[in-house]
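Visitor: Build me a model from this:
(one chain, ligands or ions: 1)
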Amino acid sequence: MKGVIFDIKRLALHDGPGIRQTVFLKGCPLNCHWCHNPESRSKRIICTKVREVINGVSVEDIETIGREISVVDLMTSILRDRILYEESGGGVTFSGGEPLMQPGFLLQMLQQCHKQDIHTCVDTSGYVPWKTLEKIAPFTDLFLYDLKHPDNEKHLYYTGVGNTKIVKNLYLLDSMNKDIWIRIPNIPTINDDEADLLKFLVILAKLNNKPRISLLPYHKLGSHKYAHFQMPNHTMQDIEEPVKESMATAKHFFEDEGYYVTIGG
Ligand code: SF4
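Guide: Residues are numbered from 1 along each chain as shown. Below is the predicted model of the structure:
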């Protein structure tokens, strides 16, 4: 079986415990205004016009985004770093996009990793059919689970989908006692005021197991990609990256409720 990926990052330190290899699968059902990997959203390999400025001259070129890879070839890549996983308590992380957009390929990869005793982590938006999540859960050691906005209407506005299914799937995974790290992007004026933080807490308080929380500061590093790939952009220009003080405030907010919180992955 083959899957479509758009990147492999070796020596990743922020996508789960230890040193990891992170595999980025193509395809995502969301359309987050702040997405810094817009080229990942289409499930297909795409050849797209890109625009670069060389010596002050705007030049157009064609760039291919994504490539097919077989389970066997991807396992060969993953196994190259086995010693690093063993020594650091790391493993492999499947990210995206939304890795569950390629459920058959992901399942096979997770099963192969488990056969090789490699720690597996799936980084998901949670916006997938429960049956799909349920199938991969036995072979996933850790979920990095995004909660992007606690309010259903605002989640719909900012990502293109509501959060009802996402929250429901989170509770179902929790009921299986899966290891879950919650990832919350911290985006000034969008989801970072006290009312929003309180609503996040209401969602989290219903979990049986207290998850670790990673607060991910919004950044503009991917914003140039929209122009580069000539893709339509949402109006995030006026949104600033969060200052250290507001990140610390959010961190303390959750810590005061007994959560272990990190800033960044
Ligand atoms: S879930 Fe991630 S990859 Fe998908 S649109 Fe949102 S930020 Fe981009």
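
Visitor: what separates whatever helix or strand F6 lives in from the chain centre, distance-wise?
Guide: Using DSSP states H and E, F6 sits within strand 2-12. The offset between the C-alpha centroid of strand 2-12 and the centroid of the whole chain comes to 13 Å, using CA atoms, centre = their mean, to the nearest Å.

Visitor: for stretch 49-62, same thing?
Guide: 30 Å.

Visitor: first to last residue in that stretch, what's the distance?
Guide: 5 Å (CA to CA, to the nearest Å).

Visitor: secondary structure element for the one residue sitting closest to the centre of the chain?
Guide: The centroid of the chain falls nearest to D123 when counting by CA atoms, centre = their mean (4.6 Å). Using DSSP H and E, the element containing D123 is strand 119-124.

Visitor: For the helix or strand following that strand, which residues meet the burial criterion?
Guide: Tracing the chain past strand 119-124, the next element assigned as helix or strand by DSSP H and E is helix 130-136. Taking 16 or more other CB atoms under 10 Å as the basis for neighbour counts, the residues of helix 130-136 that come out buried are 132-133, 135-136. Where you see a C-beta, it was placed from the backbone N, CA and C, and this is true even at glycine.

Visitor: mean confidence for the next helix or strand after helix 130-136?
Guide: Proceeding N to C from helix 130-136, the next assigned helix or strand is strand 142-146, under DSSP H and E. Model confidence over strand 142-146 averages 98 on the pLDDT scale.

Visitor: by contact count, what packs against strand 142-146?
Guide: Other elements packing on strand 142-146 under the criterion 3 or more CB pairs under 8 Å, 6 or more residues apart in numbering; DSSP states H and E are strand 119-124, helix 164-175, strand 179-186.

Visitor: What pairs with the strand holding F6, parallel or antiparallel?
Guide: The strands that strand 2-12 pairs with in its sheet are strand 20-25 (antiparallel), strand 67-70 (antiparallel) (by DSSP bridges).

Visitor: export those to CSV and tack on mean neighbour count and distance to the ligand?
Guide: Formatted as CSV, those follow (neighbours: other CB atoms under 10 Å; distance: least, CB to the nearest ligand atom, whole Å):
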stretch, mean neighbour count, distance to the ligand
strand 20-25, 25, 9
strand 67-70, 15, 18
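
Visitor: and of those strands, who's closest to F143?
Guide: For F143, the closest of those is strand 20-25, at 14.3 Å, according to CB to CB.

Visitor: how big is the angle separating that closest one from strand 119-124?
Guide: Following axes from the mean of the first three to the mean of the last three CA atoms, to 10 degrees, one obtains 40 degrees for the angle between strand 20-25 and strand 119-124.

Visitor: hmm, who's touching strand 20-25?
Guide: By CB atoms under 8 Å, 6 or more residues apart in numbering, the list of residues contacting strand 20-25 from outside reads 3-13, 15, 37, 40, 74, 77-78, 81, 85, 90-99, 101-102, 105-106, 109, 121, 123.

Visitor: Pull out whichever of these are also neighbours of the ligand.
Guide: With CB under 6 Å from any ligand atom as the criterion, the contacts of strand 20-25 include 37, 40, 96-98 near the ligand.

Visitor: any idea which of the residues you listed has the most stuff around it?
Guide: G97 (29 neighbours; other CB atoms under 10 Å).

Visitor: now that residue, nearest residue through space, not along the chain?
Guide: Here the nearest residue to G97 in space, its sequence neighbours aside, is S40; by CB to CB, 6 or more residues apart in numbering that works out to 4.0 Å.

Visitor: dump the residue contacts of the one you found.
Guide: With contacts taken as CB under 8 Å, 6+ apart, S40 has the following neighbours: 6, 24, 26-28, 96-97.

Visitor: rerun at 6 Å
Guide: Applying CB atoms under 6 Å, 6 or more residues apart in numbering, one finds that S40 lies in contact with 6, 26, 28, 96-97.
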